[in-house]
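> For reference, the sequence and a predicted model appear below.
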Amino acid sequence: MPFYDALPDYPLRHVLTRHEQAAAHAADGYARSTGRVGVCVATSGPGATNLVTGLATAQMDSVPLVAITGQVGRPALGKDSFQETNVMGMTLPFTKHSFLVEDPNELYPTMRRAFEIARSGRPGPVLIDVPKDVQFAATNDNGYRRLKEAPPPVESPGLERTAMLLRSAKRPLILAGHGVTLGGAEMELRLLAERTGIPVVTTLLGISAFPDDHPLYLGWPGMHGQASVNRAIDRSDLLFAVGMRFDDRITGAVHKFAKDAKVVHIDIDPSELGKVIKPTVGIAADAKAAMRSILGHLDDISEGEGCEQWREELATSQEPERRRKESVRDEYGPIQVMEAIKGTAGPNLRLVTDVGQHQMWAAQFFEFTKANSHITSGGLGTMGFALPAAMGVAFAYPDEPVWVIAGDGGIQMNIQELATIREFGLNIKVAVLNNGYLGMVRQWQQFFHNRRYSETPITGPDYEQLTAAYGLSGRTISEGDDVEEAVKWAQEQEGCTFLDFHIDPEANVYPMIPSGMSVNEMIEEDGA
Amino acid sequence: MPEPATGVALNTVEVRFTGGMLALNRLLMTLQNKRMPVAGFTLGHDPEGMRATILLDCPTEPALRYTAIISALEDVTEAGPAQTIEVALVETSADWQTAAGRAGVEAHENEGTVVVTGELEKVDGFLAGLGDDVEDVVRMGPVARPDVRGGV
């Protein structure tokens, strides 16, 4: 109450979401798309506990957030007071840091420190819990104390060795992750790739750190990554991994992953080096600074030189996938929807995806040419993320097309935010790939549990009527309808529109490397 | 996946931190959250703040990685390797002073019991030096030697 009483006196834009989880995801979407710190606020007790999923989502993907929670007054702490909850305790595992402000004079410096902690080094969420009486108190201290010094500039003997490895490798790959985007190192990545002629693959969160239409871009690997990219990693003799953490969805069986490759691993978090893959060279550094330094050791390489035979081999290996994609482009289904959105929204599109099959289809079939234009929940895999996260993106970029792609499971998890979207007139277009299932789980049940579809069939509302109830417009599209026309209609409408695409209930995402297995066990064809 | 307990490779990390119970809670949560193989944990405090001495049952390389995780905590002012030692209580009628000097362990007698302190392999060496003259021995197992700057 004290916070909201004071709010109108300050030049802050406040967005009242309909659920605190959505507030955290919206702040997350804003932070991911801008590189700035996102802020969310919740009241004590259930308001604070509702933030938990959003904070965990941000922590897993290293997103800078500051979450401010109200707390009962200091005299009431520890007495099971009304709406008292130990939010600091419950969020310890997935906040970068947290504060309980017990001294009003510490409030201002704590705020400053929280923002610095959230965005410095490896970014992450910071929680500030403020008791009610502290909010009421007058303060006289606006001093600021820095807790940790900024990391020193990169000086590592590994830099020179890395340059040597890059020169001598015959089948090298650059594997770029979210750290490239977080560090604003897209240009350095491109320079390094072009200077050495080394092909680039990205993680799921690294998508759009390197332009998809660049001749050196191959795609992304992992459980549902392109088969050719997985095979390229398997064949590589050098992996230059930057700003990524060898997530289990990338590696599968670790002992079989890139087994013939030397590994250079660059990450700003030293504890990531050797966590999963033991690197040949490990460099704890900011991606931008490290790649700049390495470029300095590669001055005498001619642009585009090196590994030509390797690039030709990779291009040949990608040809069947390209042909397959072409052949299904005109069939009604997820790929056609992606193509229509891509063609209609144009190169300025910012795409926010939820979690599940549609997330993988979008990552596979969109072409991202603009830096940081693909927003998704990677590490935590939070269903319900996309719609509220898109609100943060739309506030940050009100003049650019923002599309949400979600499944009919995830969209229902934060559907209430259509009210917020309507209230603020956000220009968000929503495409739901509606298969009547929790599709990715159903796919696993199909492949690994003999088609026992236990608790995966789901029903949902009539989205046309639902969006109408929220004062928005929507359409239902089924096989035989004109997908492109529907997408164009949605794009041309003012404000939020909602497209409900009814797709094949048993459409699957291919390829698939079953959990814990290797590229050799990859499932590529239908009928499994 | 947690590092497998080796039972033989012990590394000690000395952590200094401020922030009281909340910071201690965060440290403990981090140990649990990252599944660190904690074999021993002692806590102390001095005018500069709190001090935890953590014995990790894993080889040096993962121990260094765990130390990096602990170092990154905002409350932590200092974290680094510390010494792992063993204390053994020995009854012997032999010349234990000479054996202690040869093995490089600290030793003193207390009411007929020789108290031996030193690195694990040196304690092994001390006992081997006494050979059959060891009448009784109690080995306390590996423990961390806390920083001498403050009392526990």
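Nice, I can see it.
> now the residue nearest the centre of chain A: how far from A:Ala289?
Here the mean C-alpha position of chain A is nearest to the C-alpha of A:Thr376 (Cα atoms, centre = their mean), at a distance of 3.4 Å. Distance from A:Thr376 to A:Ala289, counting by Cβ to Cβ, to the nearest Å: 27 Å. From N, CA and C alone the C-beta is placed, and that goes for glycine too.
> Next: A:Leu426.
36 Å.
> how would you label A:Asp500: helix, strand or coil?
Following DSSP: H, G, I helix; E, B strand; the rest coil, A:Asp500 is assigned to strand.
> if I pick it, what's in contact with it?
Going by Cβ atoms under 8 Å, 6 or more residues apart in numbering or on different chains, A:Asp500 touches A:408, A:432, A:434, A:463-464, A:474-477.
> repeat for A:Ala386
Contacts of A:Ala386 by Cβ under 8 Å, 6+ apart are A:352-355, A:376-377, A:404-406, A:410-411.
> Check A:Val52 too.
Taking Cβ under 8 Å, 6+ apart as the test, what A:Val52 contacts is A:90-91, A:94.
> For chain B, which segments count as helices?
Here chain B has its helices, by DSSP state H, at B:20-33, B:60-71, B:96-103, B:120-130.
> Output the ones you listed as TSV; include the columns mean neighbour count and mean pLDDT.
Formatted as TSV, the helices of chain B follow (neighbours: other Cβ atoms under 10 Å in any protein chain shown; pLDDT from 0 to 100):
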stretch	mean neighbour count	mean pLDDT
helix B:20-33	16	93
helix B:60-71	19	92
helix B:96-103	18	92
helix B:120-130	18	90
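> List the buried residues of stretch A:248-255.
A:248-254 (16 or more other Cβ atoms under 10 Å in any protein chain shown).
> Near chain B, list only the ones from the residues you listed.
Near chain B, taking Cβ under 8 Å from any Cβ of the partner chain as the test, no member of those is found.
> before we move on, back to that, nearest to A:Thr43 among the contacts of A:Ala386?
A:Ser377 (24.6 Å; Cβ to Cβ).
> for that closest one, helix, strand, or coil?
Classified using three-state DSSP, A:Ser377 is coil.
> Kindly state the domain boundaries assigned to chain A.
A:2-136, A:157-314, A:334-506 (automatic domain parsing).
> Reformat those domains as TSV; add mean pLDDT.
Listed next are these as TSV, based on pLDDT from 0 to 100:
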stretch	mean pLDDT
domain A:2-136	94
domain A:157-314	93
domain A:334-506	96
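> ok so, going back, got a markdown table for the helices of chain B, with distance to chain A too?
Shown next, in a markdown table, are the helices of chain B (distance: least, Cβ to the nearest Cβ, whole Å):
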| stretch | distance to chain A |
| --- | --- |
| helix B:20-33 | 4 |
| helix B:60-71 | 4 |
| helix B:96-103 | 34 |
| helix B:120-130 | 25 |
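> domain parsing for chain B?
Taken from automatic domain parsing, chain B resolves into B:10-83, B:85-145.
> Just send the ones you listed back as CSV, with distance to A:Gly516 too.
CSV is the format used below for the domains of chain B (distance: least, Cβ to Cβ, whole Å):
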stretch, distance to A:Gly516
domain B:10-83, 18
domain B:85-145, 34
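> for the residue lying closest to A:Ala42 once chain neighbours are set aside, what are its contacts?
Closest residue to A:Ala42 apart from its sequence neighbours, by Cβ to Cβ, 6 or more residues apart in numbering or on different chains: A:Glu20 at 4.3 Å. Neighbouring residues of A:Glu20 by Cβ under 8 Å, 6+ apart: A:40, A:42, A:47-48, A:50-51, A:54.
> so what's A:Glu524 up against?
A:227, A:510-511.
> Report pLDDT for it.
Note on A:Glu524: pLDDT of 84.
> Distance-wise, check it relative to A:Asn435.
For A:Glu524 relative to A:Asn435 (Cβ to Cβ), the value is 21 Å.
> Run the angle between the lowest-mean-pLDDT helix or strand in chain B and helix B:96-103 for me.
Every helix and strand in chain B was compared by mean pLDDT, DSSP states H and E; the lowest is strand B:134-145, with a mean of 82. Interaxial angle of strand B:134-145 relative to helix B:96-103 (axes from the mean of the first three to the mean of the last three Cα atoms, to 10 degrees): 50 degrees.
> who does strand B:134-145 touch, helix- and strand-wise?
strand B:10-17, strand B:38-46, strand B:49-57, strand B:76-92, helix B:120-130 (3 or more Cβ pairs under 8 Å, 6 or more residues apart in numbering or on different chains; DSSP states H and E).
> Does the first one reach chain A?
What that stands for is strand B:10-17. No: in terms of Cβ under 8 Å from any Cβ, no part of strand B:10-17 sits within range of chain A; the closest distance is 11.6 Å.
> That strand packs against which elements?
Partner elements for strand B:10-17 (3+ Cβ pairs under 8 Å, 6+ apart): helix B:20-33, strand B:49-57, helix B:60-71, strand B:76-92, strand B:134-145.
> That one pairs with which strands, parallel or anti?
strand B:49-57 (antiparallel), strand B:76-92 (antiparallel) (DSSP bridges).
> where does B:Glu106 land on pLDDT?
pLDDT at B:Glu106 comes out at 92.
> Tell me the pLDDT of the residue nearest to it when sequence neighbours are not counted.
Leaving aside its sequence neighbours, B:Glu106 sits nearest to B:Thr117 (Cβ to Cβ, 6+ apart; 4.5 Å). You'll see B:Thr117 listed with a pLDDT of 92.
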